[in-house]
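A.B. asks: Build the 3D model from these lines:
(4 chains)
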2 protein chains.
Amino acid sequence: MATPNALPRISLSQQIKDQLLERIMQGELSPGARLIELKIAAEFSTSQAPVREALRELEAMGVIETLPNKGARVRTITNDELCQLYDVRAQLEAYATQLTTENGVPLKSKLKEIVRLMKKAAREEDSTAFAGHNSDFHRVIVKSSGNTVLLDLWENLNVQARTMTNVTRSRRNLMELADSHQPIIDAIASGNSKLANSLAKEHVLSNRPKSTI
Amino acid sequence: MATPNALPRISLSQQIKDQLLERIMQGELSPGARLIELKIAAEFSTSQAPVREALRELEAMGVIETLPNKGARVRTITNDELCQLYDVRAQLEAYATQLTTENGVPLKSKLKEIVRLMKKAAREEDSTAFAGHNSDFHRVIVKSSGNTVLLDLWENLNVQARTMTNVTRSRRNLMELADSHQPIIDAIASGNSKLANSLAKEHVLSNRPKSTI
DNA sequence: ATTTCAACGATTATCGATAATTTATTGACA
DNA sequence: TGTCAATAAATTATCGATAATCGTTGAAAT
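C.D. replies: Numbers count the residues shown, from 1 in each chain, chains lettered A, B, ... in the order given. Down below sits the predicted model:
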């Protein structure tokens, strides 16, 4: 509807981008759904321009696909591509975890706290909160690697993985998943970077979807 | 069905993007240089809109940086970041080369041909052509990994590396650089994926800039 | 009934102009 | 002088409208 309260703090294109991303993450906009510029513009009571900007941003994130003169759709990712995404993420995270371990940054308490929050979310079966904490756990590690290029690539893959996989797990599964982070914490704290590398890799791969071949 | 003049009309934003990218690669637009939308629009005799689209594309490529309400500049990459970029690229290419080797795709003749072209460019001291063939060599390998996610990330890093490093080497250096690809070809052909992995990694790292710490 | 293709509706691409924001300039005042 | 607020200039963000393009529909021709 009309704009009751437009917060002019953020640019319109930014606001539109955030809204659309939220809808895609929530599954409100499912893969393959078309995104029509003028429709969206009308909905947000703006012109076409900021909508186009927002769509470009989302495309850069890999969340939507656009074809010249044909418009944008929510990206549909095949199971194959999702597997590939996890494979690459496993490599990047293994490397990041190794670097972080070598750096000797003290993360134990922070990571344990995040796992605690994960378990809390698991008990409450709040899978959205769980996913957030889960991302935080890995983000802290990748950020501590000190390699910003690596962090950027990881964020990119993470957004795609989270928008494309709408998994809702049982409470037991969530609890097990939370527990599965502990060995990584220990490896980092122990300073065994080679072990940290392989544990991180296995951790990501254990969550990889099944290959459908 | 085949219309005689099937010249694919490229969009204005695409043309502007290509032109700007060329200028950045050529060093005509140096890092830090401002990109003013209306100036560019005037130069290309277009309106502001396609220029903004082009700038968004270039930003997504990591070639320029934009700040809200403040405009766009050619990205300045610190030596540190460039080192990080090479480190990550080394990881990705090592993994890609390993996958390609495991896939058993026959690449020997194609890769040898590319090295031949590299040497030709080296003799002619055509460093632009050399850089192109060099990219081709690695792109063929990454593409043969069969992992499109990996390919996309690699292309992204490759563009950044090529726009940011304007290296012109001596003929001898170019020839040595061309030769340094041979071990990788052999490792892939031999099927020794672990060796291929480490050779590819070392190859990238050997071209890494010196850390300035 | 099938094919062709012109006209139409829907949508994207681009335009020219205006509003909003940042940056530069000026001039009063201590 | 030097500081700082007010103003002007430059530039980005957004608007509303038009042009270009794509897909579809339906009637004419075979």
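
A.B. asks: Quick one: neighbours of the nearest residue to residue A:111 once chain neighbours are set aside, just the number.
C.D. replies: With sequence-adjacent residues excluded and distances taken as C-beta to C-beta, 6 or more residues apart in numbering or on different chains, residue A:111 is closest to residue A:185, at 4.8 Å. Where you see a C-beta, it was placed from the backbone N, CA and C, and this is true even at glycine. A total of 21 residues lie near residue A:185 under the criterion other C-beta atoms under 10 Å in any protein chain shown.

A.B. asks: so what secondary structure elements neighbour the strand or helix carrying residue A:185?
C.D. replies: Counting by DSSP states H and E, the element that carries residue A:185 is helix A:182-190. Under the contact definition 3 or more C-beta pairs under 8 Å, 6 or more residues apart in numbering or on different chains; DSSP states H and E, helix A:182-190 sits against helix A:79-103, helix A:108-123, helix A:193-206.

A.B. asks: Residue numbers of chain A in contact with chain B?
C.D. replies: Taking C-beta under 8 Å from any C-beta of the partner chain as the contact definition, chain A meets chain B at A:11, A:14, A:49, A:52-53, A:56-57, A:59-60, A:68-69, A:81, A:84-85, A:87-88, A:91-92, A:95, A:147-150, A:153, A:156-157.

A.B. asks: Give me the buried entries from those residues.
C.D. replies: The neighbour-count test (16 or more other C-beta atoms under 10 Å in any protein chain shown) applied to the residues of chain A next to chain B identifies A:52-53, A:56-57, A:59-60, A:81, A:84-85, A:87-88, A:91-92, A:95, A:147-150, A:153, A:156-157 as buried.

A.B. asks: Test my guess that residue A:166 contacts residue A:24.
C.D. replies: No - applying C-beta atoms under 8 Å, one finds residue A:166 not in contact with residue A:24, separated by 10.1 Å.

A.B. asks: of the two, who's got more company?
C.D. replies: The neighbour comparison of residue A:166 against residue A:24 (other C-beta under 10 Å) goes to residue A:24, with 22 against 13.

A.B. asks: so who does that one touch?
C.D. replies: A:58, A:63, A:64, A:74, A:163 (C-beta atoms under 8 Å, 6 or more residues apart in numbering or on different chains).

A.B. asks: Enumerate every residue touching the residue of chain A at minimum distance from chain B.
C.D. replies: Chain B sits closest to residue A:60 of chain A, with a gap of 3.6 Å, by C-beta to the nearest C-beta. Residues in contact with residue A:60 (C-beta under 8 Å, 6+ apart) are B:56, B:59, B:60.

A.B. asks: hang on, the earlier thing: indicate which one of the helices and strands packed on helix A:182-190 is closest to residue B:118.
C.D. replies: helix A:79-103 (27.5 Å; C-beta to C-beta).

A.B. asks: Could you single out the most deeply buried of the helices and strands packed on helix A:182-190?
C.D. replies: Highest mean neighbour count among those (mean count of other C-beta atoms under 10 Å in any protein chain shown): helix A:79-103, with a mean of 21.

A.B. asks: tell me which residues of the worst-scoring helix or strand of chain A on mean pLDDT are tucked away?
C.D. replies: Here the helix or strand of chain A ranked lowest by mean pLDDT, DSSP states H and E is helix A:171-179, holding a mean of 90. Neighbour counts over helix A:171-179 (16+ other C-beta under 10 Å) mark A:174, A:175, A:177, A:178 as buried.
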